[in-house]
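# Got a sequence here, can you build the structure:
(one chain, ligands or ions: 1)
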Amino acid sequence: MQSQTSKEEFNYRLDKLREAVDAEQLLRILGFTITRITEKEVRGPCAVHGGDNKTAFRMNRDTKRWVCFSHNCHEDIGFGVIDLIKHKLNMTFTEAVRYLESITGVNVHDDSSYIEYKRHKDRQEVIQQADNRKIPPALTDEMYLKSFRKFRSDYFNIEKNGEFSSELLDFFEIGGGYVDKFGFQRDVIPIRDTYGRLLAYSARDITDKADEDYKYLLTEGFDKDKVLYNLFRAKGYMGASRTIIVVEGFKSVWNLHRAGYKNTVACMGSRITAGQQHLLYSTAFDVIILFDGDKAGVEGTIRALDAMKDKIRVIPLFLPYTGKDPGDLTVEEICSIIGNII
Ligand SMILES: [Zn+2]
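Numbers count the residues shown, from 1 in each chain. The predicted structure is shown next:
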């Protein structure tokens, strides 16, 4: 605890914490637009006073000290990174330190975490060289998820079809503030295994600027073969008939949940893999398949029926060829499709 640590020691550890912060990532989360990154500094308009001079704000990438050349905002707030977080996120000093701990993985109360952080960072760099279109596995951690959850955008709230409530998105632990290597901000969907352990994220581009194939990014190394999204919750709602509904995507799970069908899982594609089939056999008696209303959805349903016949009872439901998926439907539409089956 801080009280047992000398002041010098605590300050030394705070330096380590500041050192661990990625200036660019932090500033983006805090709402800054980055216009230039030099060897020493990250620059952009000052989001403290909201000016539009493109290089008024500068943060040193090592010390994380910052200045605002237009309005001298640092004179009012303080030029340290913790001062900036306190101001932008309306936090106390202690909360700001905890926040930095959660986004860096460095714990100022624990020596070993700094070494651990260095190891994570080295690993992360190797992975980013390997494939920068995947999310670094080092972020798959409850602490990071907690910090992502503070930065969820309203992307899924205001979608034309979904109108998912904040309560519903909270329930599914949706976060935000992840910035990919191309600078696109993304909302974050945690994926847990059958026992609720955090395995990976899928991150949705909320700027709609990413290529079609990269609307969703997955955590590097994640293998969906033995995972059904939401199974750890859905298995508690199967009822005496032990029925599981399988849909393709995350939003379809949320939408069916909203309509009262909490026994819904997603296979994260239009194919139920062999590993996912085994998960279903060991969990459920009846499986309802409700895939998207397109060619891939119909073909995936037929393939699943064929693969799973004689192993479990499968009830296929087909949406009309409208290009709609279960995530697009109203509660009434969902109930009219599934209602009389369970
Ligand atoms: Zn300023």
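# Would you mind naming what in this protein lies close to the ion?
46, 48, 49, 68, 71, 73 (CB under 5 Å from the ion). Where you see a C-beta, it was placed from the backbone N, CA and C, and this is true even at glycine.
# Determine which two of these are furthest apart.
48 and 71 (7.7 Å; CB to CB).
# More neighbours: those two, which one.
residue 48 (22 against 16; other CB atoms under 10 Å).
# need the contact list for the residue lying closest to the more buried one once chain neighbours are set aside.
Nearest residue to residue 48, sequence neighbours excluded (CB to CB, 6 or more residues apart in numbering): residue 73, at 4.1 Å. Contacts for residue 73 (CB atoms under 8 Å, 6 or more residues apart in numbering) come out as 46, 48, 49, 57.
# cool, residue 323 as well?
Counted by CB under 8 Å, 6+ apart, residue 323 has contacts 293, 294.
# Which residue ranges of the stretch 1-150 of the chain form helices?
7-20, 23-29, 73-77, 81-89, 93-104, 112-130, 142-149 (DSSP state H, counting those that start in this stretch).
# list the buried ones in the fourth one?
Going back to what we said before, that points to helix 81-89. The neighbour-count check on helix 81-89 (16 or more other CB atoms under 10 Å) flags 81, 82, 83, 84, 85, 86, 87, 88 as buried.
# For my notes, confirm residue 316 occurs in a helix.
No - assigned with DSSP: H, G, I helix; E, B strand; the rest coil, residue 316 falls outside any helix and is strand.
# Give me the below-cutoff pLDDT ranges for the chain.
Applying pLDDT under 70 to the chain flags residues 1-5, 111-132, 159-162, 340-342.
# Any idea which residue is closest to the centre of it?
Nearest to the mean C-alpha position of the chain, by CA atoms, centre = their mean, lies residue 188 at 1.6 Å.
# Got the phi and psi for the nearest residue to it once chain neighbours are set aside?
Leaving aside its chain neighbours, residue 188 sits nearest to residue 175 (4.1 Å; criterion: CB to CB, 6+ apart). Main-chain torsions, residue 175, degrees, to the nearest 10: phi -120, psi -170.
# again with the one 3 residues further on
Dihedral pair for residue 178: phi -80, psi 130, per degrees, to the nearest 10.
# Run through the residues that contact it.
Per CB under 8 Å, 6+ apart, neighbours of residue 178: 135, 139, 148, 185, 186, 187, 188, 201, 203.
# Buried among those? Make that a PyMOL selection.
A single PyMOL command selects the buried members of those (16+ other CB under 10 Å):
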select buried, resi 135+139+148+185+186+187+188+201+203
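# Mind checking which of the contacts of residue 178 land in strands?
185, 186, 187, 188, 201, 203 (DSSP state E).
# Just flag the most distant two among the residues you listed.
Maximum pairwise distance in the ones in strands among the contacts of residue 178, criterion CB to CB, is 14.0 Å, between 185 and 201.
# Quick check: residue 331 vs residue 99, distance?
37 Å (CB to CB, to the nearest Å).
# More neighbours: those two, which one.
A side-by-side neighbour count of residue 331 and residue 99, using other CB under 10 Å, places residue 99 first with 20 against 12.
# would you list the ones in strands among the contacts of residue 178 in JSON lines and tack on distance to residue 17?
Formatted as JSON lines, the ones in strands among the contacts of residue 178 follow (distance: CB to CB, whole Å):
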{"residue": "185", "distance to residue 17": "24"}
{"residue": "186", "distance to residue 17": "25"}
{"residue": "187", "distance to residue 17": "27"}
{"residue": "188", "distance to residue 17": "23"}
{"residue": "201", "distance to residue 17": "24"}
{"residue": "203", "distance to residue 17": "25"}
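# For residue 311, which non-adjacent residue is spatially closest?
residue 281 (5.9 Å).
# thought the residue nearest to residue 188 was touching residue 185?
No - counting by CB atoms under 8 Å, residue 175 does not reach residue 185; the two are 11.7 Å apart.
# In stretch 221-234, which residues are buried?
222, 224, 227, 228, 229, 230, 231, 232, 233, 234.
# swap that for stretch 148-155, sorry
148, 149, 151, 152, 153, 155.
# next one: stretch 235-250
235, 238, 243, 244, 245, 246, 247, 248, 249, 250.
# End to end on it, go ahead and measure it.
16 Å (CA to CA, to the nearest Å).
# Go ahead and name everything in contact with that stretch.
With CB under 8 Å, 6+ apart as the criterion, stretch 235-250 contacts 172, 189, 194, 202, 228-229, 231, 234, 253, 256, 261-270, 272, 280, 283-292, 297, 300, 304, 325-327, 338, 342.
# Buried among these? Need that as a selection in PyMOL.
In PyMOL, a selection of the buried entries from the contacts of stretch 235-250 looks like this (16+ other CB under 10 Å):
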select buried, resi 172+189+202+228+229+231+234+253+256+261+262+263+264+265+266+267+268+270+272+280+283+284+286+287+288+289+290+291+292+297+300+304+325+326+327+338
